[in-house]
Structure formats: C-alpha cells, structure tokens
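Q: Here is a sequence together with a model predicted from it:
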Amino acid sequence: MKSYAVLTVLAVALACSACRDAATTDSDASAMLARATDLFEQGGETNLREAINVFKGCVQAAPDYAPCYAGLARTYTSIGGSYNIMVPDEAWPAAREAAEKAVALDDELAAAHLALAEVIAGQDWNWTAAEGQYQRAIELNSDDLQTLMSHAWFLYNVGRHDEASATVARIRELAPEFSPFYLEYLLTGDVDRAKNEVEELIASDLQNPNGYWVSANLHAREGEYEEAAEQLQKQIPLMAGDVVDEVALLGHVYARMGLEVEAREMLERLDALPGEGRYVSPVNKAWIHAGLGEVDQTLDLLREGIETRAHRSGLGMTGFAFVYEPISDDPRFGALLDEIGLSE
C-alpha cells in the first residue's frame, strides 16, 4: 500500500462500502462483491489481483449490477495507480471501461461516480471533470468515507488545502475513531502528532509494511533522512517483491544523505526490477536523480512519465513534491507543473 492509498484503505476499513451495501437479487454476485471488496480494502499485490478476478466473476454473474463494475474500476486504478504492479496502458483503459459501465448502469450510485472521478484524475488529469464526479458522488452519499478520503487527497494535491482541511474535519466527525493523521500533518504541519500516530500504527502490527512507508515519508519530508532510510530498510523485506517505490525513495534518501554510491546502487536495482516482472515508472527513477541534483536527467524522466501517464506522475508530482526540492528552482520544473495544471 502506498502513500494516500494507505490512509484511504484505512478509512474504508472503518465503514461499510456503499457498493457493498447495495441491494442485489443475485446472492452469488452479492457474496462475490463482498469478497472482492474485502480483498480491495486489504490491498497488496496478491489481494488486488485476486480482487480483480472476483470482481470479474461478479460481473459475469450479474452483468447489469453496477457496484461490481465500480469495484473493478477502483481496483484497476489502485493496482496501476498506487502500486507498481500493472503498466498504465493496461490498468487505465480497464479502469475507465469499468467505471463508465458502472455509471451507465446506475447513475444514482455514488461508488460509480467515485470510481470515474479517480480514473479521470489519474489518467486524464482533467481536474475540473474529476471534481464534478467527486461532487456527484458526495451529493449521492455525503457520509461515505471512501469518497471523502479520496476527495480530500485530491483537494490537497491540486492545492485546495482549505477545502481538504474541511473534508478531513468531516471525516473525523463521521468516524472519531479514525484519524487521517498523515494528511492532517501535511495540511497543518503537526509533526509531533503524526509521529505519535505512526508509531502506534507500526506497533499495532510490526509485520504490516504500511506504517513503515508512512513513517519513511514523514521523516523524509522533515529532512530526517537517516530515520527515513531506517524505516524503508524495515519495510522492504515485508513487501514480497513490490518494492519499486521503496527502492526509489531509499535511493533519494541516500542521495540527500550524501551517499552517492548507495543512491546509484538503488538506480541499478530499479533497472533490474523489470527482469523480475516489475513495472518501473520513469518517475521513480527521477526521484533518485532529483536527490542527486541531476536536473536534466530528472526532467527527462518526468517528461517521459507525463507523456505515458506513468506511475507517480500527475497528482504524484505534488503528492511527492518533497523529492523534487533539490531541483525545484529550475524553471523547467515549474513549466512541467504548469503543463499539467498543478503549479501553485
């Protein structure tokens, strides 16, 4: 589980999915929908691949049942947008087809509009159209934590921080037991609270990689690179091979620590991962080159990522803005953000 996807899934786990609660006359489809939704909520490569299979079974059992298509769309968006598991050319078309089918089948289903919002934001980078779908989903179900959490991250990444803060407050009102602490930290700068929360998250399950990933990001944003490296070194062995983001961030952290040899070793490791069946986004490589202060290489890789809608491009350009700090003064970097409508 990566970045805001971690906290989105944590939010989902505290509330029943709108699509899972929808009525169906087909008990087999209903059972498959519940099973696939649980797999999606758990995340991770094995669970997401199995979720896709189960959602497809749900679609076959009930071809006119919109929640199955909405869940399938969100799973494709996750496996190709939050993970380095499926290449964009495979994930995004499948996600779009399923999301559009869900909306066509049931325009009154909030989950369908949420799925389409995430596709539009992830592939089209049409922030206005994505916002329209988010608003439609909220209009249909204003209390759905999935929608609110996804929308809050969207608002943060497009620079609408006041609105993101208001949405986080609404989430806390609906689910006091849930604390979207990492997003709150980004919005408020309350690092002490965030560190306490992430320590509790890690302590609750030492074998769960999610906490280490969030902790590493937190420390890296604070310039605490040794601590960030320590967290990533704990996380990587728990990832069952899905380590592209982790290796890329570790390489960036090593570079910021002045450990150039180690940083370039992480670049070599990224180069080797496709041979292990892993998709490696050019943007992940850009993280390390940015840490090394290699502006031209960073910008070339970001350009490639933008043109291919690669993993960690688009909203990831602002979601992981801290990795670009060493090269952010170059006007060409600002021009890239202008191009995709994400300049501040």
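A: Done, it's in. Numbers count the residues shown, from 1 in each chain.

Q: Going by C-alpha atoms from here, please, whenever you check contacts or count neighbours.
A: OK.

Q: quick one: least confident helix or strand in this structure?
A: helix 18-21 (a mean of 41; mean pLDDT, DSSP states H and E).

Q: Which other helices and strands does the helix or strand following that one contact?
A: Later in the chain than helix 18-21, the nearest helix or strand by DSSP states H and E is helix 27-42. Contacts defined by 3 or more CA pairs under 8 Å, 6 or more residues apart in numbering; DSSP states H and E place helix 27-42 against helix 4-12, helix 18-21, helix 45-61, helix 66-81.

Q: Let me know which of these is the nearest to residue 95.
A: Distance to residue 95, taken as CA to CA, is lowest for helix 66-81 among these, at 4.1 Å.

Q: Point out the other helices and strands that that closest one packs with.
A: Using 3+ CA pairs under 8 Å, 6+ apart: helix 66-81 touches helix 18-21, helix 27-42, helix 45-61, helix 88-105, helix 110-119.

Q: Buried residues, it. List them.
A: 66-81 (16 or more other CA atoms under 10 Å).

Q: on that earlier part again, got the helices and strands packed on helix 27-42 as CSV, with distance to residue 37 columns?
A: Shown next, in CSV, are these (distance: least, CA to CA, whole Å):
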stretch, distance to residue 37
helix 4-12, 10
helix 18-21, 7
helix 45-61, 7
helix 66-81, 7
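
Q: mind checking which of those is nearest residue 167?
A: Among those, the nearest to residue 167 by CA to CA is helix 4-12 (13.0 Å).

Q: right, and the helices and strands packed on helix 27-42 - which one's nearest residue 168?
A: helix 4-12 (11.2 Å).

Q: and that closest one, average pLDDT?
A: For helix 4-12, mean pLDDT is 43.

Q: Same question for stretch 251-270.
A: The average pLDDT for stretch 251-270 rounds to 98.

Q: Quick one, which of the buried residues of helix 66-81 has the minimum pLDDT?
A: residue 81 (82).

Q: got the contact list for it?
A: 88, 91, 122, 311-312 (CA atoms under 8 Å, 6 or more residues apart in numbering).

Q: Now list the buried members of these.
A: Judged by 16+ other CA under 10 Å, buried ones among these: 88, 91, 122, 311-312.

Q: Tell me which two of those sit farthest apart.
A: Farthest pair in those, by CA to CA: 91 and 312, 13.9 Å.

Q: Mind listing what's buried along whatever helix or strand residue 173 lives in?
A: Using DSSP H and E, the element containing residue 173 is helix 161-174. Within helix 161-174, the residues that count as buried by 16+ other CA under 10 Å are 161, 164-165, 167-171.

Q: From the buried ones among the contacts of residue 81, pick the one nearest residue 234.
A: residue 312 (22.4 Å).

Q: And that closest one, how far from residue 103?
A: Separation of residue 312 from residue 103 (CA to CA, to the nearest Å): 27 Å.

Q: same question, residue 323
A: Taken as CA to CA, the span from residue 323 to residue 103 is 37 Å.

Q: want to try JSON lines for the buried residues of helix 161-174, with distance to residue 191 and pLDDT as columns?
A: Shown next, in JSON lines, are these (distance: CA to CA, whole Å; pLDDT from 0 to 100):
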{"residue": "161", "distance to residue 191": "17", "pLDDT": "97"}
{"residue": "164", "distance to residue 191": "18", "pLDDT": "98"}
{"residue": "165", "distance to residue 191": "16", "pLDDT": "97"}
{"residue": "167", "distance to residue 191": "20", "pLDDT": "97"}
{"residue": "168", "distance to residue 191": "17", "pLDDT": "96"}
{"residue": "169", "distance to residue 191": "18", "pLDDT": "95"}
{"residue": "170", "distance to residue 191": "21", "pLDDT": "96"}
{"residue": "171", "distance to residue 191": "20", "pLDDT": "96"}
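
Q: Now distance to residue 204 too, for those residues, in a markdown table please.
A: Formatted as a markdown table, the buried residues of helix 161-174 follow (distance: CA to CA, whole Å):
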| residue | distance to residue 204 |
| --- | --- |
| 161 | 30 |
| 164 | 28 |
| 165 | 27 |
| 167 | 27 |
| 168 | 23 |
| 169 | 25 |
| 170 | 26 |
| 171 | 22 |
